[in-house]
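Q: Got a predicted model here, sequence first, then my questions.
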Amino acid sequence: MDATVYNIFLGVAAVLIAVGFVILAWRVIVGPDSMDRVLGNDAITASLQCALALYICWTLDTTVVNVMIVIALLGFISSLSVARFRKRDGSL
């Protein structure tokens, strides 16, 4: 594949991920209840992993794979902890 076409595809993917980050940040800030905010944070974690994978494709530098693993584990643990200890909104 031509390098120019490759860079155009990666640029389009980067723009789409950036737009997704903005939409997800809006969901976390404005979300009507705590579960929407948790889902937004979970989606931001997944999008961050996609952004790091895009960085790997763009630079061919695989040193951030360990960072991707740590982010995946933190996202998983945070989702489990919220699911375990969450109470309904408005209840004490």
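A: Arrived safely, thanks for sending.
Q: pLDDT weak spots in this structure?
A: In the predicted model, the chain carries pLDDT under 70 at residues 89-92.
Q: With adjacent residues omitted, what lies nearest to the spatially most central residue of the chain?
A: Ranked by distance to the mean C-alpha position of the chain (C-alpha atoms, centre = their mean), the top residue is Ser47 at 2.5 Å. Computed as C-beta to C-beta, 6 or more residues apart in numbering, the closest residue to Ser47 that is not its neighbour in sequence is Gly20, at 5.4 Å. (Each C-beta comes from the backbone N, C-alpha and C, glycine too.)
Q: So the one you found: helix, strand or coil?
A: Of the three states, Gly20 takes helix under DSSP: H, G, I helix; E, B strand; the rest coil.
Q: hang on, the earlier thing: quick one: the residue nearest to the centre of the chain and Leu24 touch, right?
A: Yes. Between Ser47 and Leu24 a contact is recorded at 6.4 Å, counting by C-beta atoms under 8 Å.
Q: can you give me the helices in the chain?
A: Using DSSP state H, the helices of the chain run over residues 3-30, 34-59, 65-85.
Q: re the thing from before, the residue nearest to Ser47 touches Ala46, doesn't it?
A: No. Gly20 is not in contact with Ala46 according to C-beta under 8 Å; the separation is 9.7 Å.
Q: ok, Ser81 to Ile29 distance?
A: 22 Å (C-beta to C-beta, to the nearest Å).
Q: tell me the contacts of Thr62?
A: Applying C-beta atoms under 8 Å, 6 or more residues apart in numbering, we find Thr62 in contact with Ile56.
Q: what's the spacing between it and Leu24?
A: From Thr62 across to Leu24, the span is 26 Å (C-beta to C-beta).
Q: ok, now which ones touch Arg86?
A: Applying C-beta under 8 Å, 6+ apart to Arg86 gives the contacts 34-35, 38.
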